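Asks: Let's see this in three dimensions:
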Amino acid sequence: MSSNDKIGALWVKRDFLSGNIEIDGKKIPIVCFKNTLKKEGEKTPDYNILISKPREEKKDDKSIPF
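Replies: Numbering: from 1, shown residues only. Okay, the predicted model is just below:
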C-alpha cells in the first residue's frame, strides 16, 4: 500500500475503534463497533462504522452556575 492509497487510520479504544478518514480533502471522524446482532449469513456485517459526533457535556444539577 502506498501513501496515496491511505484514507485514514483507527486506534483501539476500550471496546471500539476510533479515528478518521479523509475524503476529498475533508477529515471525517469515525468510530467502529463490533456488530452485536445475530449474524445472519455473509451479508450481515461484522463491524459497523459511524460518523463520530462530539460528546455533549453533562451538567451536574448540584453545580453552581457562574
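
Asks: and the residue sitting nearest the centre point of the chain, bridged to which residues?
Replies: Centroid-nearest residue in the chain: V31, 0.7 Å away (criterion: Cα atoms, centre = their mean). Counting by DSSP bridges, V31 forms beta bridges with S18, L50.

Asks: which regions of this protein lie under the pLDDT threshold?
Replies: 1-3, 57-66 (pLDDT under 70).

Asks: who's in contact with the closest residue to K34 other than its chain neighbours?
Replies: Distance criterion Cβ to Cβ, 6 or more residues apart in numbering; nearest residue to K34, sequence neighbours excluded, is Y47 at 5.7 Å. For every residue, glycine as well, the C-beta is placed using N, CA and C. Listed by Cβ atoms under 8 Å, 6 or more residues apart in numbering, the contact set of Y47 reads L17, C32, F33, K34, N35.

Asks: Between those, which sits nearest S52?
Replies: Set against S52, the nearest of the contacts of Y47 by Cβ to Cβ is C32 (9.7 Å).

Asks: That closest one and N4, how far apart?
Replies: Going from C32 to N4 by Cβ to Cβ, to the nearest Å gives 23 Å.

Asks: between the two, who's got more neighbours?
Replies: Between C32 and N4, counting by other Cβ atoms under 10 Å, C32 is the more crowded of the two (16 against 6).

Asks: Count the residues that sit near F16.
Replies: Using other Cβ under 10 Å: F16 sits among 16 other residues.

Asks: check contacts around it.
Replies: F16 touches V31, C32, F33, K34, counting by Cβ under 8 Å, 6+ apart.
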